[in-house]
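[1] Just to be clear, the model below is a prediction. Sequence and coordinates:
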Amino acid sequence: MKTNFAFRFVVLAIICVCQVSQAAESIVLRFRQSPTCAANTVRLSDIVEVTGGKDLLDLNILQMPLAPAPREGQIQTWTSTEILEHLALRGIRPEILRWSGETSVRLQRAAQTNPELRSTAMYPSFIQDRSVKQAEFNVSLTLNDYITSQTNERLNRHVTVQVPLEHVAKLQSRRNIVAVGGGTAPYEGKQEFMVEVVYQNQKIRLLIPSQVKPPAMIVVAARPLRQQEILDAQSLTYAPIPDRQVAEQADMFLDIEEVVGKQLRRSIATGVPISRKSIGSPIVIQRGDLLEVESVAGPVSVRTSGRALADGAIGDPILVENTAVRKKLMATVIGYRKVQIIANATQSTEESPTARSASRNSTSPDEVELTRKR
C-alpha cells in the first residue's frame with residue numbers, strides 16, 4: 001500500500017516538473033476579463049494579457065493593431081485561434097505559445113465620456129505592404145551605414161529588420177532617423193539596434209530587431225597574374241564583392257575550385273575579381289602549330305596533317321589548313337595539337353564543293369591514313 005502511494009507521488013512530481021519546465025519555455029497568453037476598447041482600433045493588449053514567458057516576447061507586439069473597433073453598443077467576438085494566427089503572421093513561432101483559460105471573449109466598445117479622448121493619437125487600422133517595405137528599406141540603409149562607421153569596412157551587408165507596425169508611419173522618410181546605437185561587434189547574425197526618430201516634433205526611440213548577414217565573397221587574384229598563366233589555389237583568394245560590382249555578381253566566381261586549372265586570357269592585378277570572361281580552358285593549340293587532323297564521315301575516319309591558323313582550347317572551333325592541298329577548314333580541338341572535322345562541317349573557305357571533291361581525290365596515299373571503324 002505504501003509502495004503504491006510512493007509510486008503515485010513520484011509520478012505526480014515528475015508531471016509537475018515537466019509542466020513547470022514547459023511553462024518556463026513558453027509564452028502563456030489568456031483573454032482579459034470583460035475587455036473593452038476605447039480607441040478606433042483593437043490592439044492585442046486590449047483583449048490579451050501575458051501571464052508567463054514575458055522575457056521571450058517583444059512587448060511591443062502587444063500594441064499591434066488587429067482590426068477596427070466595434071461601434072458603441074456593439075460587441076465583437078474574438079477566439080484564441082484568431083489571436084494565434086495574427087501572432088504567426090508577425091513571425092511569432094506557434095511552438096513557443098501556450099493558451100490559458102477561455103478560448104473566446106466578447107469585446108465591447110467603451111463609452112467616451114472624457115472629451116480629451118477625442119484628441120488621442122490614432123493609428124491606421126490597415127497598413128499597406130509598400131509602406132512597411134519603405135520603412136524597412138530606410139532603416140536597413142541607416143543600419144548599414146552605422147555598421148560601416150563602427151567597423152571601418154565599407155561592405156554591402158544584407159540587413160533584415162522588423163519594424164513594429166505602429167511605427168511604420170514614422171519611418172517613411174529616412175530624414176526622420178536622427179541617431180542610431182546598439183548592436184554587438186562583429187555585427188553579424190541577430191542584432192538589436194536603437195533608432196532615434198523625430199516625428200511630429202517629438203523624439204522617439206525605437207528598438208529594432210535585426211538580422212545582419214555578411215556580403216557575398218568572390219574569388220580574386222592573390223597576386224599579380226600574367227596572361228596565359230594557369231591558375232592554382234595559391235594564386236587566388238576570397239574578398240567581399242565591391243558595392244559597385246554587385247550587379248555583376250553573376251559573372252564572378254564564388255568557389256576557388258571552379259577557377260583552379262583555368263588559363264588567364266588577360267593579365268589581372270592583385271585583388272581584382274576573376275570574371276568568367278577573363279579565363280578559359282588551357283590553350284593546347286597555338287597559331288602555326290602542326291596538327292593531326294581527323295576527318296570523320298560515319299564509320300570512316302581519315303587522318304592527315306594540317307597547320308593551325310588560330311589558338312584554341314579543347315572544345316574550341318578553330319580554322320586549320322590542310323598542308324597537302326592548302327585547304328582551310330573549320331575543326332574542333334580535341335586534344336594537344338589534335339583537331340577533328342565532322343563530314344558535314346568540312347566546308348572550305350576558299351573552294352567550291354566540286355573543287356574540294358577534286359582535291360580530295362588527288363590526296364596522296366602517303367599523306368592519308370584510312371581507318372575503318374568497326
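    Great, that's in hand.

[2] which residues pair with Ile279 across the strands?
    When bridges are called by DSSP bridges, Ile279 pairs up with Leu264.

[3] beta partners for the nearest residue to Glu258 once chain neighbours are set aside?
    In space, Glu258 comes closest to Val219 once its chain neighbours are excluded; the distance is 7.6 Å by C-beta to C-beta, 6 or more residues apart in numbering. C-betas here are computed from N, CA, C, even on glycine. Val219 forms beta bridges with Tyr238, as assigned by DSSP bridges.

[4] Val219: what's it in contact with?
    Residues near Val219 by C-beta atoms under 8 Å, 6 or more residues apart in numbering: Leu236, Thr237, Tyr238, Met252, Phe253, Leu254, Asp255, Ile256, Glu258, Val259, Pro273, Ile274.

[5] what do you get if the cut-off is 10 Å, keeping everything else the same?
    Applying C-beta atoms under 10 Å, 6 or more residues apart in numbering, we find Val219 in contact with 231, 236-239, 252-260, 273-275.

[6] cool, and Glu82?
    If you count contacts by C-beta under 10 Å, 6+ apart, then Glu82 has Leu66, Ala67, Ser104 around it.

[7] If you rank those by neighbours, which is first?
    Most neighbours among the contacts of Glu82, by other C-beta atoms under 10 Å: Leu66, with 20 neighbours.

[8] quick one: that one is in a strand?
    Yes. Counting by DSSP: H, G, I helix; E, B strand; the rest coil, Leu66 is located in a strand.

[9] can you map out the helices along this protein?
    Secondary structure of the chain by DSSP state H: the helices cover 2-24, 44-47, 80-89, 129-151, 353-361.

[10] Go through those helices and find the least confident stretch.
    With a mean of 40, helix 353-361 has the lowest mean pLDDT of those.

[11] So Gln263 sits against Asp232, correct?
    No. Gln263 lies out of contact with Asp232 (C-beta atoms under 10 Å); the separation is 11.4 Å.

[12] Which one's more surrounded, the two?
    Shown here are Gln263 and Asp232; by other C-beta under 10 Å, Gln263 has more neighbours (16 against 11).

[13] Against Gln228, how distant is the more buried one?
    For Gln263, the distance to Gln228 equals 6 Å [C-beta to C-beta, to the nearest Å].

[14] so what's in contact with the two at the same time?
    In contact with both Gln263 and Gln228: Pro282, Ile283, using C-beta under 10 Å, 6+ apart.

[15] I'd guessed Ile241 sits against His158; true?
    No. Using C-beta under 10 Å, Ile241 is not in contact with His158; the gap is 11.6 Å.

[16] can you list the domain ranges for this structure.
    16-119, 129-213, 217-280, 284-372 (automatic domain parsing).

[17] So for the third one, first residue to last residue, what's the gap.
    Spelled out, that is domain 217-280. 21 Å (C-alpha to C-alpha, to the nearest Å).

[18] what's around the nearest residue to Thr237 once chain neighbours are set aside, how many residues?
    Excluding its sequence neighbours, the residue lying closest to Thr237 (C-beta to C-beta, 6+ apart) is Ala222, at 4.2 Å. For Ala222, the count of nearby residues is 16 (other C-beta under 10 Å).

[19] Now do the phi/psi pair for Ala222.
    phi -80, psi -10 (degrees, to the nearest 10).

[20] ok, now which ones touch it?
    Counting by C-beta under 10 Å, 6+ apart, Ala222 has contacts Ala233, Gln234, Ser235, Leu236, Thr237, Tyr238, Ala239, Ile256, Thr270, Gly271.
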